[in-house]
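When you get a sec, could you give me coordinates for this:
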Amino acid sequence: GGRIEVESRPGRGTRFRFTVPLVPGDAAPAEPAPAPADLLRGHGERVLLVEDEAGARDGLTQLLTLLGYAVTATANGEEAIALPAAPGFDLLLTDYRLPVDLTWELDIWGRIRRTVESGRAGAQASAADLAALRLSTQASLAQAYFQLRALDSQRQLLDATVEAYQKSLELTRNRYASGVAAKSDVLQAETQLK
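You can find the predicted model right below:
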């Protein structure tokens, strides 16, 4: 008899311990070995199962769920890639005969998951940059529109002022012609119009 122990910690790795007695007769009585199912028992770890065979996918999903894993099952690589990045997965399980031209491997250490998360974060950052650029462009357009409206108002005011000065000059000339106003009043009205 001997003993095999497995200890796994998220983010720290997995440790395997093998105990083998050197001399069978001198071995100390061993503690009862844990049942095989106890070695496989999960603690809520998130597992992505990619399996194209529906029966195998359903059976593995039930088994892993019974063992304490949180399972997300997909039928192909496209479905797996389309899943949202959050919350991520601790383990990827798949067969090697997917009818998709993709390469898969077990992601025990999280390297692939981190790469996918990084890619998604990059895409989200690009989308945020695009949204910021769109907002900045819209703000610039709105600012230009308001400046144009202000200039239009100023032009209307200037046109109305010129028209009022022209009427004032015409009225002053009529008053000068009838002898009611002085020549200086006409000169002042002409200066205001210029």
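
Neighbours of Val47, how many?
20 (other Cβ atoms under 10 Å). (Glycine included, C-beta is placed from N, CA and C.)

quick one: strands adjacent to the helix or strand where it lies?
For Val47, the host element (DSSP states H and E) is strand 46-50. The pairing partners recorded for strand 46-50 under DSSP bridges are strand 70-74 (parallel), strand 91-94 (parallel).

can you give me the offset of that strand from its chain's centre?
In terms of Cα atoms, centre = their mean, to the nearest Å, the centre of strand 46-50 is set 22 Å apart from its chain centre.

next one: stretch 166-185
For stretch 166-185 - counting by Cα atoms, centre = their mean - the centre lies 74 Å from the chain centre.

Let me see the contact set for Lys183.
Under the criterion of Cβ atoms under 8 Å, 6 or more residues apart in numbering, the neighbours of Lys183 are Tyr176.

Pick out the shakiest of the strands paired with strand 46-50, pLDDT-wise.
For the strands paired with strand 46-50, the bottom mean pLDDT is recorded on strand 91-94, which sits at a mean of 78.

With only the CA atoms kept, save that one in PDB.
The C-alpha trace of strand 91-94 is given here as PDB (Å, rounded to 0.1, in the frame of the first residue of the first chain):
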ATOM      1  CA  LEU A  91     -10.700  25.100 -16.000                       C
ATOM      2  CA  LEU A  92     -11.400  24.400 -19.600                       C
ATOM      3  CA  LEU A  93     -12.500  20.800 -20.600                       C
ATOM      4  CA  THR A  94     -12.900  19.800 -24.200                       C
END
